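[1] Sequence first, predicted model second:
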Amino acid sequence: MPVESRPTLVVVGPPGAGKTTVGRVLARRLGVSFADADAIIVERTGKSIADLFLEDGEDGFRRIEREVVAEALATHDGVLALGGGAVLAAETRALLRSHRVVHLSVGMADGLRRTGMSTARPLLAGVNPRATFKALLDARAPLYREVATVQVATDRLSANQVARAVLEAIGETAAAAQEDPVDPDDPLDRPTPREGAALPDPTVRL
């Protein structure tokens, strides 16, 4: 009987937690492939996430997201990053129970600075993005905790620092011990900017 293929690691968390960037670092250190559910949706539909929200509404987008995530959980063998709202679906949360799931958490201040309130993130493009982001964090935090095997805080940490913390938390000590020289010009080694510092471009996905 063939062995079922499934992700080595699933990464969940709110917007600005660094799921895609940290996911890529984790995949490289573990020597596996990386996939991003939102990127799969964009490739499959030929539309940006923002356009899907605009044209199909959130319900339409969530339906596509559930289908894509279920397929990726069953077939992708590596690190898989999910969109911030994927855990809203009870079906998805049920599927995640049989996977190793990392919850990347982020506080409101760091989350707002990292996202930059980009229009690429439809749920944060309203009149009062700060209040929207707080409501989003409050509503989803229990769901992230429900599905998580481990939780790692990302505030004030670079992507490489977060990846090392994740690998240590899940017991991948050899991968965590890999020494990457700190390069101040490498975005993966830059911590979240302090108050008053220039924001990175929130549309850039490393």
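    Noted; the coordinates are in hand.
[2] And Pro7, how far from Val162?
    Applying CB to CB, to the nearest Å, the value for Pro7 to Val162 is 18 Å. The C-beta positions use only the backbone N, C-alpha and C, and glycine is treated the same way.
[3] how far does the lowest-mean-pLDDT helix or strand in the chain sit from the chain's center?
    Among the helices and strands of the chain, helix 108-115 carries the lowest confidence by mean pLDDT, DSSP states H and E, at a mean of 73. From the chain centre to the centre of helix 108-115 is a distance of 14 Å (CA atoms, centre = their mean, to the nearest Å).
[4] buried set for the longest helix along the chain?
    Assignment by DSSP state H gives helix 49-75 as the longest helix of the chain. Of the residues in helix 49-75, those with enough neighbours to count as buried (16 or more other CB atoms under 10 Å) are Ile49, Leu52, Phe53, Phe61, Arg62, Ile64, Glu65, Arg66, Val68, Val69, Ala72, Leu73.
[5] Please identify which pair of the residues you listed lies farthest apart.
    The widest separation within those, taken as CB to CB, falls between Phe53 and Leu73 and amounts to 22.8 Å.
[6] Could you list the low-pLDDT ranges of the chain?
    Under the criterion pLDDT under 70, the flagged ranges of the chain are 1-5, 114-128, 179-206.
[7] show me where it has helices.
    With DSSP H as the definition, the chain shows helices at residue ranges 19-30, 37-45, 49-75, 90-96, 108-115, 129-147, 159-169, 173-176.
[8] As CSV, the ones you listed with distance to Val12 would be great.
    Putting the helices of the chain into CSV (distance: least, CB to CB, whole Å) gives the following:
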stretch, distance to Val12
helix 19-30, 7
helix 37-45, 10
helix 49-75, 10
helix 90-96, 8
helix 108-115, 14
helix 129-147, 6
helix 159-169, 12
helix 173-176, 20
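[9] Out of those, which is closest to Gly13?
    Taking the helices of the chain one by one with CB to CB, helix 19-30 is closest: 5.4 Å.
[10] List the contacts of that closest one.
    The set of residues external to helix 19-30 that reach it, using CB atoms under 8 Å, 6 or more residues apart in numbering, is 8-9, 11-13, 33-34, 36, 38-39, 78-82, 84, 104, 154, 159-160, 162-163, 166-167, 172, 175-176, 178, 187-188, 205-206.
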